[in-house]
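Q: 3D model of this:
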Amino acid sequence: MEWKLSGDRPIWLQLKEQITQRIVTGVYPMGGRLPTVRDLAAEAGVNPNTMQRALAELENDGLAVTNRTAGRLVTTDPSVVEKVRDALAGKCMMDFYDGMAQLGFSRQEARQKLEEAEEDGQ
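A: Now for the predicted structure:
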């Protein structure tokens, strides 16, 4: 999975969001070992301190835990992952509705357009 970074927001936040997405989609499975800070930083092309900040925030959110002997692991608590996944889904839905509102559609019209698109196989 390629890292996509832009200059419009803090890099550590973008890294955190992308690692979070990798966790909720199972790229980094629950209970699995995360790559080292240095490996992730090299892969993303960022300073290790920046990556460390992103990973520290994942720990604050409960998505990662540090084990002295095994390194940093993804949480084994499915409720934490599901809560974050639901929050991300909610944001996606709000982004959709906001975009449709900018085009002049009400929520009901947006839902109708979505249903039509599904029926048409889009």
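
Q: what sits against M1?
A: By C-beta atoms under 8 Å, 6 or more residues apart in numbering, the residues touching M1 are 18, 22, 27. Every residue, glycine included, has its C-beta placed from N, CA and C.

Q: how near is the second one to A44?
A: Yep, that's R22 we're talking about. Distance of R22 to A44, given as C-beta to C-beta, to the nearest Å: 12 Å.

Q: re the thing from before, let's see which of the contacts of M1 end up in helices.
A: If you go by DSSP state H, those have 18, 22 in helices.

Q: picking up where we left off before, pick out whichever of R22 and A44 has more residues nearby.
A: Neighbour count, other C-beta atoms under 10 Å: between R22 and A44, A44 has more, with 20 against 15.

Q: how far away is the more buried one from G26?
A: Distance from A44 to G26, by C-beta to C-beta: 20 Å.

Q: same question for E109.
A: For E109, the distance to G26 (C-beta to C-beta) stands at 34 Å.

Q: then L34?
A: 13 Å.

Q: in the protein, which residue is most central in space?
A: In the chain, the centroid-proximal residue (C-alpha atoms, centre = their mean) is Q21; its distance is 2.8 Å.

Q: okay, A70: pLDDT?
A: With respect to pLDDT, A70 scores 85.

Q: list the contacts for it?
A: R33.

Q: next: the one 10 residues further on.
A: Remark: with contacts taken as C-beta under 8 Å, 6+ apart, V80 is in contact with 61-63.

Q: most surrounded residue in those residues?
A: In terms of neighbour count, L63 stands highest of those at 24 neighbours, by other C-beta under 10 Å.
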